[in-house]
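Participant: Sequence and computational prediction follow.
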Amino acid sequence: MAIQRGDIYFVNLNPVQGREQAGQRPVLVLSINAINQLPLVVTGVVGTKGENVRRDYPTNVRLSPEVTGLAFRAIIRTTGVPIRGISTRRSISRANATRRRSSANT
């Protein structure tokens, strides 16, 4: 699967260390496509369900199910949350809406 910048993927983030987010999470890919083609690590921001965010700051990116293809409203926090390197060896699957958009552009 070709991982594309700007697309949202479900990634199994287990196992984790310390207070990292765990489980199957939406991840917004930030790294450029030239890097994403290498069998190494992609860079992304881990999202969460909108219901898990107590305070909705203007810097949060709110993603509706219609846009993402997810079954829930997701939020990507752009401040105070580390950008994460994610091994391409993890279980990665593309969210539905981004798959439709990407295949329409190819």
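Facilitator: The structure has been received and is ready for your questions.
Participant: From here on, just use CA atoms for contacts and neighbour counts.
Facilitator: OK.
Participant: now stretch 20-29, how far from the centre of its chain.
Facilitator: Mean-position distance between stretch 20-29 and its chain equals 6 Å (Cα atoms, centre = their mean, to the nearest Å).
Participant: ok, now stretch 54-71?
Facilitator: Centroid separation for stretch 54-71 versus its chain: 12 Å, with Cα atoms, centre = their mean.
Participant: Now the residue nearest the centre of the chain: which helix or strand?
Facilitator: For the chain, the residue sitting closest to the mean C-alpha position, by Cα atoms, centre = their mean, is V27 at 1.0 Å. Under the criterion of DSSP states H and E, V27 resides in strand 24-29.
Participant: In that strand, which residues are buried?
Facilitator: The neighbour-count check on strand 24-29 (16 or more other Cα atoms under 10 Å) flags 25-29 as buried.
Participant: That strand packs against which elements?
Facilitator: Helices and strands touching strand 24-29, as assessed by 3 or more Cα pairs under 8 Å, 6 or more residues apart in numbering; DSSP states H and E, comprise strand 8-12, strand 41-46.
Participant: which residues does the residue nearest to the centre of the chain bridge with?
Facilitator: Beta-bridge pairing for V27 (DSSP bridges): Y9, V46.
Participant: Now do the strand holding V27 against strand 8-12, angle only.
Facilitator: 140 degrees (axes from the mean of the first three to the mean of the last three Cα atoms, to 10 degrees).
Participant: Need the contact partners of the helix or strand just after strand 24-29.
Facilitator: Where DSSP H and E defines the elements, the next helix or strand beyond strand 24-29 is helix 33-36. Helix 33-36 is contacted by residues 2-5, 41-42 when judged by Cα atoms under 8 Å, 6 or more residues apart in numbering.
Participant: now do 6 Å
Facilitator: With Cα atoms under 6 Å, 6 or more residues apart in numbering as the test, helix 33-36 has contacts from 3-5, 42.
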